[in-house]
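1. Need a 3D model of the following:
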Amino acid sequence: MAEAPNRSPEIRKDTVNNRWVIFSRARARRPSDFKSKPNPNTTSNNKSVCPFCIGHEHECAPEIFRVPADSASSDWKIRVIQNLYPALSRDIDPPPTYPSPESDSGDGDVKVSGFGFHDVVIESPVHPVHLSDLSPAEVGDVLLAYKQRILQLRCYDSIKYVQD
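-> Numbers count the residues shown, from 1 in each chain. Okay, here's the model as predicted:
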């Protein structure tokens with residue numbers, strides 16, 4: 001009987017280009033970035049229904065932490081949440097060891113479990129606002145949020161690399 005296909009993400013060695021590549025079926029379920037239909041994130045009165053916008057927090061994945069707002073107009077100014085369509089999974093066991101990027105087993109089948117964290121940093125309660133639209137102080141707050149999350153992830157012995 002054939003073995004069921006692996007549904008967990010994997011990190012595989014691309015032996016042609018000598019680099020590591022993440023394979024994750026969860027990424028295929030995410031909404032398309034290339035829509036040819038009208039934008040479903042707006043209603044007829046042009047009011048946003050984006051899950052990242054303020055007031056739609058209940059539509060998002062679990063929150064990891066938030067940076068409180070300075071004013072009464074919002075209860076947060078930055079949120080860090082789990083990704084609904086993660087490239088890596090925090091729910092599987094990490095591999096006992098990670099091969100080095102230069103490793104070569106010779107069999108052409110170098111892979112490890114796709115254990116890891118793939119979070120979303122929501123940089124503003126007003127969406128879509130680009131980082132370049134924020135004030136220098138707001139950009140500083142965003143960078144501090146990234147720093148805080150990176151420091152949290154460094155507490156896990158199984159995490160060897162963090163990329164923003």
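2. My guess is residue 84 contacts residue 61. True?
-> Yes: Residue 84 is in contact with residue 61 according to CB atoms under 8 Å; the separation is 4.7 Å. Using the backbone N, CA and C atoms, a C-beta is placed for each residue, glycine as well.
3. Helix or strand next in line after the helix-or-strand element of the chain with minimal mean pLDDT, which one?
-> For the chain, scoring each helix and strand by mean pLDDT, DSSP states H and E identifies strand 111-113 as the least confident one, at a mean of 86. Sequence-wise, the next helix or strand downstream of strand 111-113 (DSSP states H and E) is strand 119-122.
4. List the strands paired with that following strand, with their directions.
-> With DSSP bridges as the criterion, the sheet partners recorded for strand 119-122 are strand 78-82 (antiparallel).
5. what about the strands in the chain?
-> 10-14, 19-23, 63-67, 78-82, 111-113, 119-122 (DSSP state E).
6. Redo these as CSV? Include distance to residue 50.
-> CSV is the format used below for the strands of the chain (distance: least, CB to CB, whole Å):
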stretch, distance to residue 50
strand 10-14, 31
strand 19-23, 26
strand 63-67, 16
strand 78-82, 13
strand 111-113, 33
strand 119-122, 10
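7. possible to save these as CSV with distance to residue 89 and mean neighbour count?
-> CSV is the format used below for the strands of the chain (distance: least, CB to CB, whole Å; neighbours: other CB atoms under 10 Å):
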stretch, distance to residue 89, mean neighbour count
strand 10-14, 10, 17
strand 19-23, 11, 13
strand 63-67, 15, 15
strand 78-82, 11, 19
strand 111-113, 8, 17
strand 119-122, 12, 18
